[in-house]
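>>> Based on what follows, work out the 3D shape:
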Amino acid sequence: MAQPLLYEINTRCWLRELAGRHGRDITLATVPDDEFARWRRLGFTHVWLMGVWMTGAHARALALSDPDLRRAYDEVLPGWRETDVGGSPYAIADYQVLPALGGETGLEKFRTKLHASGLKLVLDFVPNHLGRDHAWLNERPDLFVQSSSEAPGTFVWKTAGGVRWLAQGKDPYFPAWTDTVQLDYRRPATRAAMRELLRSVAARCDGVRCDMAMLLLNDVFAKTWERFPAAGPPPTTEFWEDAIAATKQAHPDFMFMAEVYWDLETRLQKLGFDYTYDKRLYDELIGRNPAGAQQRLLGVSREFIQASVHFLENHDERRVAAALTLAEHRAAALVILGLPGMRFLYDGQLDGARVKVPVQLCRRLAETVQPELARMYEYILATLQRTAVGRGMGEVLAPRPAWPDNPTARNFAIVQWQSQPPAFDLVVVNFAPHRSQGYAPLTVPGLAAHHWLMKDLLGDEQYKRVGSDLESQGLYLDLPAHGAQVFRFEPTA
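Numbers count the residues shown, from 1 in each chain. Down below sits the predicted model:
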């Protein structure tokens, strides 16, 4: 089964840059054909257009007045103008495509061209909250968490029925998002309204990335909002289980991806999510912790890895080119691209962008392409398309020590792939800043029945191996610091 390779795009900045390069206005309806050709050539299967939905005047005003955000704008976009600030794409005023991006017609044309290129479209679904410009604040204020009097984290809202104190959207471990209003998932009417909203989004794309999806879990929600009165008895079912089932009944191939933390990934997978963020693996890779990265990969089930999203950066995280050296970056990139599950790259990552841009901005400075990084990604992505990686059966292997008192086997990530037996592929990465040794216990059927030619597809190394030795002893590995290799095994006899 083919496994996704996702490309996230900061849509507002990207279209503006395309227009500058081509010397004309460009919307989603008029994206040049060479963009689609490039994505297909690199092997992407899905494109996530981050930030296409409408934001409102209130959210934009808060994005302009916030002193911390203004300092961030100064840092990444010196001389910025107010027209460069569009407001947070996660304070949604309406699930309609921004007219400046091409509107609903532009999105439909873009999706049609994506499909013609063999790719699918992913959009944002922000379930926890809405922007404070959304019409429901006036039309359906009962859908939100509220207080009978002023309380921390609320704002006053006047409606025809009187004054209300509505809660701002919140993650319990951080300050509230002041440009949002918190939906109340203890209320059946809120759940019904959000299921219908999800249905309307699903009609326009092939999958959704669900922002902070774990906040909706019944126990998490109850704890977060325990100081605010509930409207009735607690819900007996989980929102996600019902919403995902209903969506997939109408769109059987629709894909759900969850942004999730706090070790709640497995719960969301069981509720129906196809893929969930693996932030712990990200933290180990960026934190240069070889043993921790291996422990993460070997400490979870094969099913968990297959349902995980593997990444080195996204719009919320620091740019990986600014966090790791080239050698470290290459090793980490091969890990996340060589694992089963969803492989995920971000706009600018392929060129070595180093500046993390606040999502409120709709313009960013042009960065100089780092040629070595650009060539690295081009070569790795092209090479993997000639292998079983992402297309066959993938399995993370647990290396054995090369000899007693040599602990360096714990620095490896090893993934075995097979799609067309007897040939198979092996992704091998040494995370450590020094040489490491170990044995890879290969598990492909019929290993002992052949002699094997072993070629490194990312380099020039080539070896012959006896199948019975591989089966009884495993494959001996001796990789230099941050070594990253893709071996193709083909039978010779």
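>>> alpha carbons only for contacts and neighbour counts from here, please
Fine.
>>> Test my guess that residue 103 contacts residue 97.
Yes - the criterion here is Cα atoms under 8 Å, and residue 103 meets it with residue 97 at 4.6 Å.
>>> Now do the helices in the stretch 101-250 of the chain.
103-116, 136-139, 188-202, 218-224, 239-250 (DSSP state H, counting those that start in this stretch).
>>> I misspoke; the intended subject was the stretch 351-493 of the chain.
371-384, 467-473.
>>> can you list contacts of the last one?
By that I understand helix 467-473. Contact with helix 467-473 is made by 439, 441-443, 447-452, as judged by Cα atoms under 8 Å, 6 or more residues apart in numbering.
>>> now do 6 Å
Around helix 467-473, the neighbours that count as contacts under Cα atoms under 6 Å, 6 or more residues apart in numbering are 447-448, 450-451.
>>> pLDDT score assigned to residue 1?
Residue 1 is assigned a predicted lDDT (pLDDT) of 51.
>>> oh, I was asking about residue 161
We have a pLDDT of 73 for residue 161.
>>> Check the spacing between it and residue 19 real quick.
47 Å (Cα to Cα, to the nearest Å).
>>> Between these two, which has more neighbouring residues?
Neighbour comparison, residue 161 and residue 19: the larger count goes to residue 19, with 14 against 8 (by other Cα atoms under 10 Å).
>>> which residues of the stretch 101-250 of the chain score low on pLDDT?
Nowhere does the stretch 101-250 of the chain drop to pLDDT under 70.
>>> Between the helices of the stretch 351-493 of the chain, which one is closest to residue 400.
Of all the helices of the stretch 351-493 of the chain, it is helix 467-473 that lies closest to residue 400, at 9.8 Å by Cα to Cα.
>>> coming back round to it: for residue 51, find the nearest of the helices of the stretch 351-493 of the chain.
Here helix 371-384 is closest among the helices of the stretch 351-493 of the chain (Cα to Cα), at 25.2 Å.
>>> what's next to that closest one, contact-wise?
42, 350-352.
>>> one more time with 8 Å
41-43, 326, 330, 334, 350-352, 457-458.
>>> hang on, the earlier thing: turn the contacts of helix 467-473 into JSON lines, columns for neighbour count and distance to residue 124.
Formatted as JSON lines, the contacts of helix 467-473 follow (neighbours: other Cα atoms under 10 Å; distance: Cα to Cα, whole Å):
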{"residue": "447", "neighbour count": "20", "distance to residue 124": "45"}
{"residue": "448", "neighbour count": "15", "distance to residue 124": "49"}
{"residue": "450", "neighbour count": "16", "distance to residue 124": "49"}
{"residue": "451", "neighbour count": "19", "distance to residue 124": "50"}
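>>> re the thing from before, just the buried members of the contacts of helix 371-384?
42-43, 326, 330, 334, 350-352, 457 (16 or more other Cα atoms under 10 Å).
>>> for these, which one is nearest residue 301?
Ranked by distance to residue 301 (Cα to Cα), the buried ones among the contacts of helix 371-384 are led by residue 334 at 20.4 Å.
>>> How about the closest one: what's its closest non-neighbour residue?
Spatial nearest neighbour of residue 334, excluding adjacent residues (Cα to Cα, 6 or more residues apart in numbering): residue 484 at 6.8 Å.
>>> wait, the one you found sits on residue 333?
No - using Cα under 8 Å as the test, residue 484 is too far from residue 333 to be in contact (9.2 Å).
>>> neighbour count winner among these two?
Shown here are residue 484 and residue 333; by other Cα under 10 Å, residue 484 has more neighbours (26 against 23).
>>> which residues sit in contact with that one?
Shown in contact with residue 484 (Cα under 8 Å, 6+ apart): 330-331, 334, 427-430.
>>> Let's have those in a markdown table, adding distance to residue 116 and pLDDT.
Shown next, in a markdown table, are the contacts of residue 484 (distance: Cα to Cα, whole Å; pLDDT from 0 to 100):
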| residue | distance to residue 116 | pLDDT |
| --- | --- | --- |
| 330 | 32 | 97 |
| 331 | 33 | 97 |
| 334 | 29 | 98 |
| 427 | 31 | 98 |
| 428 | 35 | 98 |
| 429 | 36 | 98 |
| 430 | 39 | 97 |
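>>> Dump these to JSON lines, plus distance to residue 405.
Shown next, in JSON lines, are the contacts of residue 484 (distance: Cα to Cα, whole Å):
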{"residue": "330", "distance to residue 405": "29"}
{"residue": "331", "distance to residue 405": "25"}
{"residue": "334", "distance to residue 405": "28"}
{"residue": "427", "distance to residue 405": "25"}
{"residue": "428", "distance to residue 405": "22"}
{"residue": "429", "distance to residue 405": "21"}
{"residue": "430", "distance to residue 405": "18"}
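>>> what about the nearest residue to residue 302 once chain neighbours are set aside, neighbour count?
When the adjacent residues along the chain are set aside, residue 302 lies closest to residue 395, with 7.0 Å between them (Cα to Cα, 6+ apart). Using other Cα under 10 Å, residue 395 is surrounded by 20 other residues.
>>> swap in residue 355?
19.
>>> Residue 356 now?
Residue 356: 19 neighbours (other Cα under 10 Å).
>>> Please apply the same query to the one 4 residues further on.
A count of nearby residues for residue 360, using other Cα under 10 Å, gives 22.
>>> Thought residue 82 was touching it, still the case?
No - proximity of residue 360 to residue 82 does not meet the contact threshold set by Cα under 8 Å, at 11.1 Å.
>>> Just the buried residues of stretch 66-78, please?
Across stretch 66-78, burial judged by 16+ other Cα under 10 Å covers 69, 73, 76-77.
>>> With stretch 272-289 instead?
Those buried within stretch 272-289 under the rule 16+ other Cα under 10 Å are 272-282, 284-286, 288-289.
>>> quick one: contacts of stretch 135-144?
The contact list for stretch 135-144 (Cα under 8 Å, 6+ apart) reads 93-94, 159, 166-167, 181-184, 187, 189-190.
>>> for the nearest residue to residue 214 once chain neighbours are set aside, what are its contacts?
Spatial nearest neighbour of residue 214, chain neighbours left out: residue 260 (5.6 Å); criterion: Cα to Cα, 6+ apart. Residues in contact with residue 260, defined by Cα under 8 Å, 6+ apart, are 212-214, 276-279.
>>> any chance of those residues in TSV, plus distance to residue 382?
Listed next are these as TSV, based on distance: Cα to Cα, whole Å:
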residue	distance to residue 382
212	33
213	33
214	35
276	26
277	25
278	25
279	26
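>>> Make sure residue 273 is indeed in a helix.
No - counting by DSSP: H, G, I helix; E, B strand; the rest coil, residue 273 is not found in a helix; it is coil.
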